[in-house]
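# Give me a 3D structure for the following:
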Amino acid sequence: MSAACSSSACIGVGDLDMLFYWLGESMFLLLVRNLSFVFLAFAASAYVNVVPQIVYARTAPGTKSLWLSATLLIGTIACVAAVEWARRFGYGTRPKLIGGLITLALLVILSASSGITQPWNFAMLCVTLRALCQYASQETDRRAAALAGAAARGTNDTISLSMRFAGMLAGPLFVGQHPEFDRLSAGLYMGLAALALWSVVAVAKAPAVRATAIPKEPAVEELPLDRSDRLLIWAARLCFACFAMLTACLMYVLRDIHGIADASRRCSLLITSAFGSAMLATPLLAMLRSRFFRQRTLSGMLPAPLGIIAAGLLMPLPSAGKIGHSIAGAVVLGVAFADFQLSFRDYASHQAIERGRKALLAVFNNLSNTSALVAFGVMLVLSVVARLLNVDPAHSFSLGVAILGLCAFLVAVWARRTYLRAER
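Residues are numbered from 1 along each chain as shown. Alright, predicted model coming up:
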């Protein structure tokens, strides 16, 4: 009897060891599949929030706001088209080759664009880089989510967002503090590209874009988006637009309103503080949501637009130019943005994987682009109006951020009420 119990105990310990091994292996695979997002978010964030501002301040100082707004707007249109193409074609039947070529093309652009002296040439490179980043992000996310399946959906979402935030943090920080291309830049870019290539290989086994069903997973019929879906998409789109406009105009606000000479470094520090706090808050918020808020109430989508309204109204004040106050504000906005991202990502992936609304996953990956169309379109209009009225565009940008934040909050409240009413 004791021998039998001993044998049973041994089997139990062995099963426990196998469980821990499987969990560790699964987490490692999820991590590797999402590594591309560090490189892609690094490049995309740097070429929206820091690099164009630095280049145009040097190459076209008199018309820098117009160049910035136009480049970001055109680049965003290209990104929207890239995500749609990725939805239709993906990496095809040779994912390692196509994904590898895109990664290498991004590496070449990152290495070459720092020496550009003509605004037109830089604009073309910036648009191309952002479009390639979005194409790769959409296809990598689709493949990683398909391989994760419904069982690991939540963990995959958390890892994916953490990798994105890591890239968003590192891009503006490194390029803002180190704008010139040298051996350090080359080493970092090649290291990130190597991680992205590893991820490309890891997701290559996923089904092609026209056959996304996973073996041993029940096929789910694709359903159209309903009214609550569309309202939530617009709430998310407006909130993303607020953050896009805020980060894009921040350097000019610091330089032109507060007179900070080294505005690019301050800007990169604040953006890094925001994305760093978002990256650290993401797993903690995910744990709290899974433990205490199992029902989807989408309340996490409300703090972010409120923070944006406050930021837009407070930016012109003298206290906003003080480093301590501005870093504290950036940290608060970063945590609010992480909560917002988790709420909408959880909703989108749940609806896409478990309820058949697969378009929502592409909507999530396209949010930064469709929302940027709103943000950069508003920036372009404000730049033109400010130029006609001979007013500093930085003041109009801060007012535009506050107005967009108010619109995002009102739509988020409306969308949340509609969704909760439909779920009853």
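# Tell me the spacing between A70 and F376.
Separation of A70 from F376 (CB to CB, to the nearest Å): 8 Å. Where C-beta positions appear, they are placed from N, C-alpha and C, glycine not excepted.
# ok, these two, which is more surrounded?
Higher neighbour count among A70 and F376: F376, with 26 against 17, using other CB atoms under 10 Å.
# And the helix or strand where S45 lies, how far out from the chain middle?
Per DSSP states H and E: S45 is located in helix 36-49. When distances are taken as CA atoms, centre = their mean, to the nearest Å, helix 36-49 is centred 8 Å away from the chain's centroid.
# same check, this time on stretch 346-364
Centre to centre, stretch against its chain (CA atoms, centre = their mean), the figure for stretch 346-364 is 17 Å.
# what mean pLDDT does that stretch have?
In this model, stretch 346-364 has a mean pLDDT of 75.
# Below-threshold pLDDT in the protein: ranges please.
The model of the chain has pLDDT under 70 over residues 1-25, 210-223, 292-297, 356, 424.
# Give me the angle between the helix or strand harbouring A78 and helix 36-49.
Taking DSSP H and E as the criterion, A78 maps to helix 64-89. Orientation check (axes from the mean of the first three to the mean of the last three CA atoms, to 10 degrees): helix 64-89 against helix 36-49 gives 150 degrees.
# elements contacting helix 64-89?
Other helices and strands packing on helix 64-89, by 3 or more CB pairs under 8 Å, 6 or more residues apart in numbering; DSSP states H and E, are helix 51-59, helix 119-148, helix 227-256, helix 359-389.
# Number of residues surrounding A320?
A320: 18 surrounding residues under other CB under 10 Å.
# Against F337, how distant is the closest residue to it other than its chain neighbours?
Using CB to CB, 6 or more residues apart in numbering and skipping residues adjacent in sequence, the residue nearest A320 is L314, 5.4 Å away. Distance of L314 to F337, given as CB to CB: 17 Å.
# Those two - which one has more neighbours?
F337 (26 against 15).
# Make sure the more buried one is actually in contact with A304.
Yes. Assessed by CB atoms under 8 Å, F337 is found in contact with A304 at 5.4 Å.
# hey, what's in contact with both of those two?
Shared contacts of F337 and A304, defined by CB atoms under 8 Å, 6 or more residues apart in numbering, comprise F243.
# which stretch among the helices and strands packed on helix 64-89 comes nearest R421?
When the helices and strands packed on helix 64-89 are compared by CB to CB, helix 227-256 sits nearest R421, at 8.2 Å.
# in that closest one, what's buried?
Buried residues in helix 227-256, counted by 16 or more other CB atoms under 10 Å: 228-229, 231-256.
# ditto for stretch 144-155
Here stretch 144-155 shows 144-148, 152-155 as buried, counting by 16+ other CB under 10 Å.
# again, but for stretch 92-105
By neighbour count on 16+ other CB under 10 Å, the buried set for stretch 92-105 is 95, 98-100, 102-103.
# for L361, what are its contacts?
Contacts of L361 (CB under 8 Å, 6+ apart): 141-142, 145, 348-349, 352-353.
# try it again with 6 Å
Neighbour list for L361: A352 [criterion: CB atoms under 6 Å, 6 or more residues apart in numbering].
# again, but for the one 10 residues further on
The neighbourhood of S371, defined by CB under 6 Å, 6+ apart, consists of 237, 240-241, 244.
# Try it again at 10 Å.
Counting by CB atoms under 10 Å, 6 or more residues apart in numbering, S371 touches 76, 233-234, 236-245, 404, 408.
# which one is it nearest to, not counting chain neighbours?
F240 is the one closest to S371 (CB to CB, 6+ apart), at 3.4 Å.
# thinking that neighbour is in contact with V363, fair?
No. Here F240 does not reach V363: they are 11.2 Å apart, not a contact under CB atoms under 10 Å.
# Report the secondary structure element holding K96.
When elements are defined using DSSP H and E, K96 is found to belong to helix 95-112.
# quick one: that helix to helix 51-59, angle?
30 degrees.
# Would you mind pulling up the elements that helix 95-112 packs against?
If contacts are counted by 3 or more CB pairs under 10 Å, 6 or more residues apart in numbering; DSSP states H and E, helix 95-112 sits against helix 36-49, helix 119-148, helix 183-203.
# What are the buried residues along the second one?
Residues 119, 122-148 are the ones in helix 119-148 that count as buried (16+ other CB under 10 Å).
# next one: stretch 299-316
Here stretch 299-316 shows 300-305, 307-309, 311-312, 315-316 as buried, counting by 16+ other CB under 10 Å.
# from those residues, which two are the most distant?
G300 and P316, at 28.9 Å, using CB to CB across those.
# ok, now how distant is F376 from I77?
With CB to CB as the criterion, F376 and I77 are 9 Å apart.
# can you check L254 too?
28 Å.
# returning to what we had before: who touches both of F240 and V363?
Joint contacts of F240 and V363 (CB under 10 Å, 6+ apart) are 344, 370.
# From the chain's centre, how far out is the host helix or strand of I308? Work that out for me.
Under the criterion of DSSP H and E, I308 resides in helix 303-314. Distance, stretch centre to chain centre, for helix 303-314: 19 Å (CA atoms, centre = their mean).
# next one: stretch 127-135
Worked out by CA atoms, centre = their mean, stretch 127-135 lies 13 Å from the chain centre.
# Could you report the neighbour count for the spatially closest residue to L373 that is not a sequence neighbour?
Using CB to CB, 6+ apart and skipping the chain neighbours, the partner closest in space to L373 is T76 (5.1 Å). Per other CB under 10 Å, the neighbour tally for T76 reads 26.
# Okay, T76 and C126: tell me how far apart.
11 Å.
# Quick check: neighbours shared by the two?
V48.
# Closest one of the buried residues of stretch 299-316 to R88?
M301 (29.3 Å).
# Just list the residues touching H258, thanks.
Residues in contact with H258 (CB under 10 Å, 6+ apart) are 266, 315-318, 320-322, 326, 394.
# What does it show for phi and psi?
phi -100, psi -10 (degrees, to the nearest 10).
# Let me know the helix or strand that the residue nearest the centre of the chain is in.
The centre of the chain sits closest to R164, judged by CA atoms, centre = their mean, with a distance of 5.7 Å. Assessed by DSSP H and E, R164 sits inside helix 153-177.
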